[in-house]
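Colleague: Let's see this in three dimensions:
(chains A and B)
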Amino acid sequence: MASTPLLQVRNLTTQFGSGAGAFTAVNDITFDVNAGETVAIVGESGSGKSVTALSILRLVPTPPGHIVAGEVVFEGIDLLKLSDAEMRAVRGNRIAMIFQEPMTSLNPSLTIGLQIAEPVNLHKGMPWNMAYKKAKELLERVRMPDAQGRLNTNPHQFSGGMRQRIMIAMALACEPKLIIADEPTTALDVTVQAQILELLKELTHETGAALILITHDLGVVARYADRVCVMYGGKIVETADACDLYERPMHPYTRGLMASIPRLDQPAGVRLVPIIGQPPNLAQLPPGCAFNPRCSEAAERCRRDTPNLMKAGDGHSHACWMVPHG
Amino acid sequence: MIGGYVARRILALIPTLFFASLIVFFTIRLIPGSVIDLMLSQNDGSASGLPRAQLEAALGLDQPIYIQYFRWLGSLLLHGNLGNSLWTGTPVMDEVVHRLPVTFELGAMALVISLSIGVPIGVYTALRQNTIGDYIFRTVSILALAIPGFWIGTLVAVLPALWWGWSPPISYVSLLQDPVAHLVQLLIPALILAMASSALIMRLTRTMMLEVLRQDYIRTAYAKGLPVRTIMARHALRNALIPVITLIGLLAPLLFGGTIIMEQIFAIPGMGLLLLEAVGNRDYPMITGVFLITGIAVIIINLLVDLSYGWFDPKVRTR
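Modeller: Below you'll find the predicted structure:
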């Protein structure tokens, strides 16, 4: 794309702890998000995808975590250089976040009306009665039945799916340019998951907001993402357009993930192939490629040198020594 | 719905108070040395000169104890009468109603002081966890819990007199006579009473704030771009204070126990002083009356505490 990306993450590195117990949760990652685009970040638990999301908004709990290097350039401004007050003006306003646990991410003692109206009042300077009106519209947009009547109810009166709709309404409140959804459907029933993702896709499409969708579910990625970053051990190991990734997964880890998903077009009785071994312990990553202990194709070089992302075609990069690139 | 709840709670008071009165009525008569012995040992006063049997009959103490109890209960239920003082003959109800406001005022002052010291410091120490300020306040709070109130009270009453020839006012000034002098007079005992309870409130507030600040919804509030002050005031404190409200209910009887001592040290004519005198004189109706009224007060405070959960915790409201 010719225009400057909305968000440019450059060499972002986030560490936790200090001394011997320190580990790098996000290790030198670089990716772009264009305006209106949906980028999925895929990986196992502990791959660093959630920390990436929190780092963008500078919400990593400090201590123990701190961002040690890199740039997060949003609309031409490096967020990591902003003052706390300037950063607050971005959060919930230009960039909004939706969290994994809708059951605990809403304040139990405040009404949902207040919680949705809060960012409108804060960032748009709208008086509370106007902000509540806006909250009602937002609830209608996320298809909450009886939006007006629900404004004065508290979160415990809602199911998980409804609470996630409330979270989405809250995220949309200030018409952000970027929404970061950290595993928005993990805690929900399968039937509700699809509804929530459809809703997110539709609303981001309507408002022109870009979406970073963090998930461990490659099935979700195929349907909703434009581009995909696959993370492993705190690094991006492969990035490509969603369709391209499905057609030509390159990194052995991505291929492993693909082989472990059930497919409807497979003949009955074919067994799924799991990736052997355990997700890596970030405090004790092996030398070389982090995936080498679990990789059937690993060679001498993989155990010695750490690969970085290498171009392997139009918009497709991977970090594997053994796969051809260029 | 809320009215039904209150009605049920008040109905549940009746058996509690019945058993409480039964226990107080009987145990108080088990204390060695009866009121008759005391009266006979004093040579002066109207009672002297009468033989023991006549004195007992005049006070109604010649009847079997269960008859005495049912007489007392009957006059309470039928006439709202708690009986008369054995010594002065004044109605117990008048005496108690006269003294109750002073004790209530002292206890309420102590509670307000404990809350206004305990909650802000609790929040501060939670926000500055493991800094010097946190350590200092935590140490001071342990100290405040460990030092007995009667000891501090005695020191405050005695030492200034020794050093500067100043002592806290001894003669009681009522609120109507001179409001300022009255409040100043109650302030010292209230502060001493508040010492231990403010330490308890501070420590509980600190613990609960730390717990609440780790919750996901606090992270959500940060992600909205709210400033820290709003997050504390609007999102954290209200949730953290729910257990503190419970503590207030538990503190009510403790504070009452404390007022008895403070009223004695600082010569404040409240329920505590009344009770101490009554116990010393074996004034049975007076003791029973004070306990009964105190019991009702504590139970009502706890009822109010339970009702206030509804405001703090919406989950309670809809159940």
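Colleague: Would you mind naming the helix or strand containing the closest residue to B:Leu276 other than its chain neighbours?
Modeller: Among residues not flanking B:Leu276 along the chain, B:Gln264 sits closest, at 5.9 Å (C-beta to C-beta, 6 or more residues apart in numbering or on different chains). Heads up, the C-betas are built off the backbone N, CA and C, glycines and all. B:Gln264 is located in helix B:242-265, with elements delineated by DSSP states H and E.
Colleague: so after that helix, what's the next helix or strand?
Modeller: Following helix B:242-265 in sequence, per DSSP H and E, is helix B:271-281.
Colleague: Please point out which parts of that following helix sit buried.
Modeller: For helix B:271-281, a neighbour-count test (16 or more other C-beta atoms under 10 Å in any protein chain shown) marks B:271-275, B:277-278, B:281 as buried.
Colleague: per-residue confidence averaged over it?
Modeller: Helix B:271-281 shows an average pLDDT of 84 in the prediction.
Colleague: Not counting its own residues, what contacts it?
Modeller: B:31, B:35, B:38, B:85-87, B:95-96, B:99-100, B:102-103, B:256, B:259-264, B:267, B:283, B:286-287, B:290-291, B:293-294 (C-beta atoms under 8 Å, 6 or more residues apart in numbering or on different chains).
Colleague: and the angle from the very next helix or strand once past it to helix B:271-281?
Modeller: Following helix B:271-281 in sequence order, the next helix or strand is helix B:284-312 (DSSP H and E). Comparing the axes of helix B:284-312 and helix B:271-281 via axes from the mean of the first three to the mean of the last three C-alpha atoms, to 10 degrees yields an angle of 150 degrees.
Colleague: Tell me where the stretch 51-200 of chain A is predicted with low confidence.
Modeller: The stretch 51-200 of chain A contains no residues with pLDDT under 70.
Colleague: can you list the residues of it near chain B?
Modeller: Within the stretch 51-200 of chain A, the positions lying close to chain B (C-beta under 8 Å from any C-beta of the partner chain) are A:57, A:59, A:85, A:87-93, A:96-97, A:99, A:101, A:104-111, A:118-119, A:122-123, A:154, A:156-157, A:167, A:170.
Colleague: Among the contacts of helix B:271-281, name the buried ones.
Modeller: B:35, B:38, B:85-87, B:95-96, B:99-100, B:102-103, B:256, B:259-264, B:283, B:286-287, B:290-291, B:293-294.
Colleague: what's near enough to touch B:Leu17?
Modeller: So B:Leu17 contacts B:292, B:295-296, B:299 (C-beta under 8 Å, 6+ apart).
Colleague: again, only this time at 10 Å
Modeller: B:291-292, B:295-296, B:299 (C-beta atoms under 10 Å, 6 or more residues apart in numbering or on different chains).
Colleague: before we move on, back to that, got TSV for the buried residues of helix B:271-281, with distance to A:Leu257 too?
Modeller: Formatted as TSV, these follow (distance: C-beta to C-beta, whole Å):
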residue	distance to A:Leu257
B:Met271	74
B:Gly272	74
B:Leu273	79
B:Leu274	79
B:Leu275	76
B:Glu277	83
B:Ala278	81
B:Asn281	87
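Colleague: quick one: the helices in chain A?
Modeller: In chain A, the helices defined using DSSP state H lie at A:49-56, A:84-90, A:112-124, A:128-141, A:147-150, A:160-172, A:190-207, A:218-224, A:242-247, A:252-259.
Colleague: Which among those helices is found nearest to B:Ala252?
Modeller: helix A:112-124 (32.3 Å; C-beta to C-beta).
Colleague: Buried residues in that closest one, which are they?
Modeller: Under the neighbour-count criterion of 16+ other C-beta under 10 Å, helix A:112-124 has A:112-123 buried.
Colleague: and if you look at stretch B:156-173?
Modeller: B:156-157, B:168, B:172-173.
Colleague: Out of those, which one has the lowest pLDDT?
Modeller: B:Pro168 (72).
Colleague: hang on, it packs against B:Pro189?
Modeller: Yes. With contact defined as C-beta atoms under 10 Å, B:Pro168 and B:Pro189 form a contacting pair (8.3 Å).
Colleague: Now for those two: what residues contact both?
Modeller: Common contacts of B:Pro168 and B:Pro189 (C-beta under 10 Å, 6+ apart): B:153, B:156-157, B:265-266.
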